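Trainee: Sequence first, then the predicted structure:
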Amino acid sequence: MASDLSSTLVITILAISLVNLTPSLVLARKPCHFPAIFNFGDSNSDTGGLSAAFGQAPPPNGLSYFGGPAGRYADGRLVIDFIAQSLGLPYLSAFLDSVGSNFSHGANFATAGSTIRPQNTTLHQSGFSPISLNVQYYEFHDFHVRSQVVRKRGGVYETLLPKEGDFSNALYTFDIGQNDLTAGYFLNMSTDEVKAYVPDVLNQFQTIIQYIYSQGGRYFWIHNTGPVGCLPYVLDRVPVLAGQIDKYGCASPFNEVAQFFNQGLKKAVEQLRKDLPHAASTYVDVYSVKFSLISQGRKHGFNQPLRACCGHGGKYNYNKKLGCGGKIYKHGKEVLLGAPCKDPCTHVNWDGVHFTQAANQYIFESLVGGSFSDPPNPLNMACHRN
């Protein structure tokens with residue numbers, strides 16, 4: 001009897017010890033080593049794709065950090081730039097940019113105006129890029145194959161292109177979907193009509209993740225979409241009733257659609273975890289961070305949460321026909337009307353559509369620790385499956 005009691009006591013102590021050790025074991029997991037990043041998205045993460053294909057994002061874009069245009073629709077760096085920097089990697093070169101690019105640590109397939117679902121229109125007609133997510137995947141697939149063929153030539157090719165093993169160890173980042181929602185509204189669709197096509201958009205998104213998985217991708221960092229109802233270009237172009245504007249000045253119907261999309265995206269990521277058992281897929285709640293930044297801007301040091309820093313005219317300093325950097329001819333001379341504000345770091349919004357570098361840095365710093373992630377892994381632990 002005494003022997004049985006002793007055995008029971010020992011087992012109980014061991015069990016308690018293991019329970020107490022579990023948090024330490026979790027904390028003891030090593031940070032991930034991502035040798036490369038492959039990014040897919042729209043203007044929120046475009047580091048030069050659209051500029052390479054359709055002409056540079058004009059001045060004053062880039063003024064706060066790069067000193068001039070750098071392919072980004074912002075006054076400086078984007079969230080993806082801060083992600084790369086935090087992982088010890090150089091800023092991503094755009095896949096479409098053939099001048100001065102270095103792809104040894106990844107490539108950026110995002111272009112401003114991109115959607116998940118291809119749009120039956122041109123960039124000139126609608127402002128939406130023809131390089132939708134499926135095209136970005138085609139580019140990635142081609143890059144994966146051809147980069148390894150060319151890298152074998154040695155010399156400079158070996159230094160400018162990723163190793164084969166980097167593709168399976170890389171972080172695959174996604175920030176896309178916003179334009180899929182606004183596309184419907186700009187075609188005068190109702191909120192219900194926009195919601196009706198969201199499942200198809202998400203199905204196409206899942207398909208692309210599965211394709212990349214089949215190419216060896218294993219680590220996915222997926223941003224949801226932000227509060228589009230708080231962006232000047234939406235507030236200016238799509239009329240809403242006064243009662244549909246919330247106390248922060250945002251259009252509730254558009255934000256509700258964004259949240260509807262995000263709920264579906266979260267479920268899609270959960271399904272991907274079941275379908276792709278060897279992948280680590282992190283869903284990142286960018287919406288909450290951006291809405292907090294806009295609704296409590298002054299608390300975070302931003303005096304102008306809704307009004308664009310760079311633009312001309314109107315309630316939001318935004319004009320569709322004369323945007324940031326826009327000029328007119330007056331008395332035979334070129335006059336800059338779409339001028340930047342004196343201090344972009346006090347603004348959340350840069351040009352009516354995109355965020356300022358200061359806002360992007362705030363967003364990154366809020367996300368990097370994992371507080372807004374599911375599972376709640378920090379960025380540097382995103383290779384671990386929970």
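Mentor: Received it, and whenever you're ready, just let me know what you need. The structure displayed is predicted, hence computed values, not measured ones. Numbers count the residues shown, from 1 in each chain.

Trainee: And the closest residue in space to residue 54 that isn't next to it in sequence, its phi and psi?
Mentor: Distances taken as C-beta to C-beta, 6 or more residues apart in numbering put residue 123 closest to residue 54, at 6.4 Å, once the chain neighbours are dropped. C-beta coordinates here come from the backbone N, C-alpha and C atoms, glycine included. With angles defined as degrees, to the nearest 10, residue 123 sits at phi -60, psi -40.

Trainee: for residue 67, helix, strand, or coil?
Mentor: At residue 67 the chain is in coil, as set by DSSP: H, G, I helix; E, B strand; the rest coil.

Trainee: Same check on residue 38?
Mentor: strand.

Trainee: Kindly report the same for residue 174.
Mentor: Quick answer, by three-state DSSP: residue 174 is strand.

Trainee: do the same with residue 334
Mentor: Here residue 334 is recorded as strand under three-state DSSP.

Trainee: could I get stretch 197-211 in PDB with only the CA atoms?
Mentor: Extracted in PDB, the C-alpha atoms of stretch 197-211 (Å, rounded to 0.1, in the frame of the first residue of the first chain):
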ATOM      1  CA  TYR A 197     -19.100  37.700 -54.600                       C
ATOM      2  CA  VAL A 198     -16.800  37.600 -51.500                       C
ATOM      3  CA  PRO A 199     -16.900  33.700 -51.300                       C
ATOM      4  CA  ASP A 200     -15.600  33.400 -54.800                       C
ATOM      5  CA  VAL A 201     -12.800  35.900 -54.100                       C
ATOM      6  CA  LEU A 202     -11.800  33.900 -51.000                       C
ATOM      7  CA  ASN A 203     -11.900  30.600 -53.000                       C
ATOM      8  CA  GLN A 204      -9.500  32.000 -55.500                       C
ATOM      9  CA  PHE A 205      -7.300  33.200 -52.700                       C
ATOM     10  CA  GLN A 206      -7.200  29.700 -51.200                       C
ATOM     11  CA  THR A 207      -6.400  28.200 -54.500                       C
ATOM     12  CA  ILE A 208      -3.300  30.400 -54.900                       C
ATOM     13  CA  ILE A 209      -2.000  29.400 -51.400                       C
ATOM     14  CA  GLN A 210      -2.400  25.700 -52.400                       C
ATOM     15  CA  TYR A 211      -0.500  26.300 -55.600                       C
END
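
Trainee: What's the mean pLDDT across it?
Mentor: Throughout stretch 197-211, pLDDT has a mean value of 98.

Trainee: Residue 92 versus the most centrally placed residue in the chain, what's the distance?
Mentor: Nearest to the mean C-alpha position of the chain, by C-alpha atoms, centre = their mean, lies residue 175 at 2.9 Å. Taking C-beta to C-beta, to the nearest Å as the measure, residue 175 falls 12 Å from residue 92.

Trainee: got any residues that touch both of those two?
Mentor: 39, 80 (C-beta atoms under 8 Å, 6 or more residues apart in numbering).

Trainee: what stretches of the protein score poorly on pLDDT?
Mentor: Applying pLDDT under 70 to the chain flags residues 1-28.

Trainee: redo that, cut-off 90
Mentor: 1-29, 120-122, 124-127, 303-304, 313, 330-332, 335, 386 (pLDDT under 90).

Trainee: just the strands in it please.
Mentor: Using DSSP state E, the strands found in the chain span residues 37-41, 106-108, 171-175, 219-223, 280-284, 327-330, 333-336, 373-374.

Trainee: With respect to burial, which of these scores highest?
Mentor: Mean neighbour count (mean count of other C-beta atoms under 10 Å) peaks for strand 106-108 among the strands of the chain, with a mean of 29.

Trainee: which strands and helices sit next to that one?
Mentor: Strand 106-108 is packed against strand 37-41, with contacts defined by 3 or more C-beta pairs under 8 Å, 6 or more residues apart in numbering; DSSP states H and E.

Trainee: Can you name every helix or strand that the strand it packs on contacts?
Mentor: On a contact count with 3+ C-beta pairs under 8 Å, 6+ apart, strand 37-41 meets helix 79-86, strand 106-108, helix 133-151, strand 171-175.

Trainee: So the closest residue to residue 377 other than its chain neighbours versus residue 386, what's the distance?
Mentor: Excluding the flanking residues, the one nearest residue 377 by C-beta to C-beta, 6+ apart is residue 370, at 5.0 Å. From residue 370 across to residue 386, the span is 11 Å (C-beta to C-beta).

Trainee: What segments of the stretch 151-300 of the chain are helices?
Mentor: 156-160, 164-169, 178-186, 191-214, 232-237, 252-275, 286-295 (DSSP state H, counting those that start in this stretch).

Trainee: quick one: contacts for the spatially closest residue to residue 31 that is not a sequence neighbour?
Mentor: Take residue 31 and drop its neighbours on the chain: the residue closest to it by C-beta to C-beta, 6+ apart is residue 380, 4.4 Å away. Counting by C-beta under 8 Å, 6+ apart, residue 380 makes contact with 31-32, 86-87.

Trainee: 10 Å instead?
Mentor: By C-beta atoms under 10 Å, 6 or more residues apart in numbering, the contact list for residue 380 reads 30-34, 86-88, 171, 368-370.

Trainee: now do residue 70
Mentor: Taking C-beta under 10 Å, 6+ apart, one finds 47-48, 51, 56-57, 61-63, 76-77, 81, 91 in contact with residue 70.

Trainee: Residue 83 now?
Mentor: Going by C-beta under 10 Å, 6+ apart, residue 83 touches 34, 37, 39, 45, 89, 91-92, 171, 173, 175, 221, 364, 367-368, 379.

Trainee: likewise residue 79?
Mentor: Counting by C-beta under 10 Å, 6+ apart, residue 79 makes contact with 41, 44-45, 173, 175, 223, 284, 286, 289, 355, 359-365, 367-368.
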